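Trainee: Give me a 3D structure for the following:
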Amino acid sequence: MGNLLSAIVAVVYLGVAYVSGGAEAVIVCLLYLVLPLACIWFSEAMGEFTGIARGHLVTSTSPGWAVAGMGWILLLLPVVVGLYFMSQG
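Mentor: Model (predicted):
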């Protein structure tokens, strides 16, 4: 269910990006969506990763639910930021 819901959110983002900024905005949006969707769809596999990531040593695993939760936070962050700025007038 989480995969389907996150895919729907991603498609809505891509639609809004296309309407508001065209193909270039869609490409930027796609680049943004890679990490949150990967965290949601492949949370168990990503949580099991240990080794070197971006120059830092990762020595312990993370629970899949925590990885998925962070993915959802990243996925919904543009909505939260947009609502905040809309409420500011």
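Trainee: which helix of the protein spans the most residues?
Mentor: helix 2-41 (DSSP state H).
Trainee: so who does the spatially most central residue of the chain touch?
Mentor: In the chain, the centroid-proximal residue (C-alpha atoms, centre = their mean) is P36; its distance is 2.1 Å. Counting by C-beta atoms under 8 Å, 6 or more residues apart in numbering, P36 makes contact with S6, G71, W72, L74, L75. In this view, the C-beta of every residue, glycine as well, is placed from N, C-alpha and C.
Trainee: if we can go back for a sec, return the set of buried residues in the very next helix or strand once past the longest helix of the chain.
Mentor: Downstream of helix 2-41, the next assigned helix or strand under DSSP states H and E is helix 43-47. For helix 43-47, burial by neighbour count (16 or more other C-beta atoms under 10 Å) applies to S43, M46, G47.
Trainee: Could you pull up the contacting residues of the second one?
Mentor: Contact analysis of M46 by C-beta under 8 Å, 6+ apart lists A38, C39, S62, G64, V67.
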